[in-house]
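below: sequence and its predicted model.
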Amino acid sequence: PYWAPPPERPFLQEVGAAPGRLRIAFTTTAATDVPVHADCVNAVREAAALCADLGHEVAEAAPVFDGELLTRTFMTLWSAGCASTVEGVAFAVGRTPTQDQFEPATWAIYEMGQRRSAPTYLLALTTLQRIARDVASFFLEYDVWLTPTLAEPPVPLGTFDSPPDKPFQGQSRAASFIPFTPICNATGQPAMSMPLFWNAEGLPIGTHFVGRFGDEATLFRLAAQLEAARPWANRRPPVSA
């Protein structure tokens, strides 16, 4: 519900510009208390050390918010949005939506959204806004927040599939895989994932940098600085698909 301020200049002009000495907070624990793989922890600690070597002020800190409340609130809004979309398309084409027209997970989310009341939806919206304001207050002290991108290294294809009789199985598995990134969907803050670390299997492990609301410019500057310090363009897997 918030409008991002327009950029002062094209983002291309931010690439290569000096980021200045940034105040960077980092954390390796998730707000939902899911376990975080050692590779992902090591990636953040290496990235934090690199940032310190580049002259930035680095400290271990994180905004305080209820991760489980965020998940429940997001599901309310997401399912209501799905129900609105399905019914909107049905109205536009003059057809009644039926289960055979959708994947099981989509239909299950649609049905969940239908069960949400208008007061529940509005409460979820204001709750999400409150969480966003709480997180924004953290960025009064820090310019950037560094976390793992994911809680685990890359997983095989099919990990998030759901059987028809368990339509939320994949969603539940995915939630434990991505505990760090959904907060930016709630707050609208810019964020970037950078492959600054590779594990013993040769897989890139992402590091997630979150900026202030509307401050994409700082992330572009920092990204260019980090890539110059630890380039990865020459890294190629032996097999690609």
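In hand now; what should we look at?

what about stretch 196-216, how long is it end to end?
One end of stretch 196-216 sits 19 Å from the other (CA to CA, to the nearest Å).

over to stretch 110-128?
End-to-end distance of stretch 110-128 (CA to CA): 21 Å.

list phi and psi for the spatially most central residue of the chain.
The C-alpha lying nearest the average C-alpha coordinate of the chain belongs to Thr181 (CA atoms, centre = their mean; 1.9 Å). Main-chain torsions, Thr181, degrees, to the nearest 10: phi -90, psi -30.

so it versus Thr187, what's the distance?
11 Å (CB to CB, to the nearest Å). Using the backbone N, CA and C atoms, a C-beta is placed for each residue, glycine as well.

likewise for Ala132?
In terms of CB to CB, Ala132 sits 4 Å off from Thr187.

show me what counts as buried in stretch 76-87.
Within stretch 76-87, the residues that count as buried by 16 or more other CB atoms under 10 Å are 76-80, 82-83, 86.

tabulate these (CSV), appending distance to Pro204 and pLDDT.
Formatted as CSV, the buried residues of stretch 76-87 follow (distance: CB to CB, whole Å; pLDDT from 0 to 100):
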residue, distance to Pro204, pLDDT
Thr76, 34, 96
Leu77, 32, 96
Trp78, 28, 94
Ser79, 33, 96
Ala80, 36, 96
Cys82, 32, 96
Ala83, 37, 97
Val86, 37, 97
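
with distance to Tyr121 and secondary structure added, can I get these in TSV?
Formatted as TSV, those follow (distance: CB to CB, whole Å; DSSP: H, G, I helix; E, B strand; the rest coil):
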residue	distance to Tyr121	secondary structure
Thr76	7	helix
Leu77	7	helix
Trp78	11	helix
Ser79	10	helix
Ala80	5	helix
Cys82	12	helix
Ala83	10	helix
Val86	16	helix
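
now, which of those residues sits nearest Ala25?
Of all those, Ala25 sits closest to Leu77, with 27.1 Å by CB to CB.

based on its surroundings, how many neighbours for the spatially closest residue to that closest one that is not a sequence neighbour?
The shortest distance from Leu77 to any non-neighbouring residue, by CB to CB, 6 or more residues apart in numbering, is to Ala124 (5.2 Å). When neighbours are counted by other CB atoms under 10 Å, Ala124 registers 21.
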